[in-house]
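Novice: When you get a sec, could you give me coordinates for this:
(2 chains)
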Amino acid sequence: MIPLLQIRNLRKAYGPLEVLHGISLDVAAGEVVAIIGASGSGKSTFLRCLNLLEIPTSGEFIFDGTSVDYKEDGINWGREKRLRWLRSQIGIVFQSFNLWPHKTVLENIIEAPITVKKTPRKQAIEEAEDLLQRIGLAQKRDEYPSRLSGGQQQRVAIVRSLAMKPKLMLFDEVTSSLDPQLVGEVLGLMASLARQGMTMLAVTHEIAFARSVSTRTIFVDGGLIAEEGPSEMVLNNPQLPRTRQFLNRALSEPHAATVI
Amino acid sequence: MTSLLEYLPGFVYASWLTLQVTGLVILVSWVSGLVAAFGKRSRWMLLRIPSQFYVWSVRGTPALVQVFVVYFGLPQLGINMSPLVAGVITLGLNSGAYVAEIIRGGLMAIPKGQYESPIALGLSHFQSMRRIILPQVSRIILPSLTNEAISTLKNTSLLSSITVVELTFHAQIVIARTFQPFHFYIMAAVFYLAMTTVLTQLSAFLERRNATNS
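Specialist: Just a heads-up that it's a prediction; the model follows:
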């Protein structure tokens, strides 16, 4: 079976500074991949390259069997359209939620399905209500984001992405800006998504989450994949000294949440 | 005293004309301001340089001189306009330079994540601007835009110098007939004050409404 996502030798440079030195990665449908690594290792940049919020400098990008031509230079007819097609199928959730403050919870969720996928408004609302029901926030439908807790906002942000029915979900340190007692509800939602078979890539500091939910773990160091493998192997029995070092430090951090 | 009351309807009518001129000027200024604001942020020099020049030159010269250049100067090059058209275009472009800076400031005040999240969901740049960014910008800049509208309203008095019959010019006509400059300039001032007060109140109302909806 062809992997859902195939990345070959992806590089990203800002001017003369290269931060990703050639990353290759295959993700099969249904896989849950945790990406761990120290801050500044390039893991977030890599994730942002995957829905082309950051445009890679070079490298092959194949999604769902289609090679995506993302090159910025020269004339590239239809590039914008291709990027939008890709982004509508790959959801990303950010550390800082980024809900739209001038729209209610419901309006946040139905915006993209209506504007991008031309879903009829009535249907979009029904689907949004269904999603809100599932995360237990149905009664917050008409609230503005500022009235929600951080954990609730982040769960709405996840649902906002899910409303597009993406084939792949990217999570960029989605619990890092949450109060410790709110981390659990967001990780819980992610775990239940994983159980339902969603293909996911999550940059995370939550080693416990990576261990219990992800099928595979990737340790990124210095803009390269330093070590990868089944999560229990990488996390319990890392091969490289620097992976071990990183894990020791991550696990000794006081806020490392274990609530799932 | 009866003589003053006699002139009230004329001032009311002149105020109405002033409001209409102001409305047209604001329309021109928002369009040119929006274009220049995005022009200054553009990646393309061909848009950026003219926008920068526009804002720089307009803000650096007096509005009255600009009005004279357009109304008295351009006919020398064969471009003739009625006083009203010349006045609306000039004041509109003048205010547009300030509006451009206001909009630019508003765009900069929106957090980066707000620009990213609609794009990440597949919205086009135009869609995310129109549906996500500009509605937020409009709330932020509303107070500054009101200030600018009030300035614009007062600036229409400059058009009295090119014979646009707005409030100030009307007062001058009445004064020429009655020789009562004190009474009638005060009367003009009171009418300006009434109009700007209404504008201020309107903006306060809109601000309150926005504050409850977010």
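Novice: So what's the residue count around A:F209?
Specialist: 27 (other Cβ atoms under 10 Å in any protein chain shown). All C-beta spots, glycine's among them, are computed from the backbone N, C-alpha and C.
Novice: In which helix or strand does it reside?
Specialist: In this assignment (DSSP states H and E), A:F209 forms part of helix A:207-213.
Novice: what does B:L142 give?
Specialist: Assigned by DSSP H and E, B:L142 falls in helix B:134-155.
Novice: quick one: buried residues of that helix?
Specialist: B:134, B:136-137, B:139-142, B:144-146, B:148-150, B:152-153, B:155 (16 or more other Cβ atoms under 10 Å in any protein chain shown).
Novice: Name the nearest of the residues you listed relative to A:T199.
Specialist: Taking Cβ to Cβ as the measure, B:Q136 is the one of the buried residues of helix B:134-155 closest to A:T199, at 32.5 Å.
Novice: rewinding a little: ok, and of the buried residues of helix B:134-155, which contact chain A?
Specialist: Among the buried residues of helix B:134-155, the residues that sit close to chain A (Cβ under 8 Å from any Cβ of the partner chain) are B:Q136, B:R139.
Novice: Mind picking the two most distant members of the buried residues of helix B:134-155?
Specialist: Checking the buried residues of helix B:134-155 with Cβ to Cβ, the most distant pair is B:Q136 and B:N155, at 28.8 Å.
Novice: burial measure for the closest residue to B:F72 other than its chain neighbours, as a count.
Specialist: Spatially, and ignoring its direct neighbours in sequence, B:F72 is nearest to B:I162 (7.8 Å; Cβ to Cβ, 6 or more residues apart in numbering or on different chains). For B:I162, the neighbour count with other Cβ under 10 Å is 20.
Novice: what's the answer for B:G60, then?
Specialist: Neighbour count for B:G60, taken as other Cβ under 10 Å: 8.
Novice: that older thread, the residue nearest to B:F72 against B:L64, yeah?
Specialist: No. Taking Cβ atoms under 8 Å as the definition, B:I162 is not a contact partner of B:L64, at 9.7 Å.
Novice: Share the number of residues neighbouring the nearest residue to B:S124 once chain neighbours are set aside, please.
Specialist: Nearest residue to B:S124 in three dimensions, chain neighbours excluded: A:R84, at 6.3 Å (Cβ to Cβ, 6+ apart). Residues near A:R84, counting by other Cβ under 10 Å, number 19.
Novice: Let me see the confidence value for A:R84.
Specialist: Here, the pLDDT recorded for A:R84 equals 93.
Novice: Have a look at chain B and report its longest helix.
Specialist: Of all segments of type helix in chain B, defined using DSSP state H, the longest is helix B:8-41.
Novice: quick one: buried residues of it?
Specialist: By 16+ other Cβ under 10 Å, the buried positions in helix B:8-41 come out as B:11, B:14-15, B:17-19, B:21-22, B:24-26, B:28-30, B:32-33, B:35-40.
Novice: report the angle between the axes of it and helix B:134-155?
Specialist: Taking axes from the mean of the first three to the mean of the last three Cα atoms, to 10 degrees, one finds helix B:8-41 and helix B:134-155 inclined to each other by 130 degrees.
Novice: elements contacting helix B:8-41?
Specialist: Under the contact criterion of 3 or more Cβ pairs under 8 Å, 6 or more residues apart in numbering or on different chains; DSSP states H and E, helix B:8-41 touches helix B:45-59, helix B:83-109, helix B:134-155, helix B:167-178, helix B:181-212.
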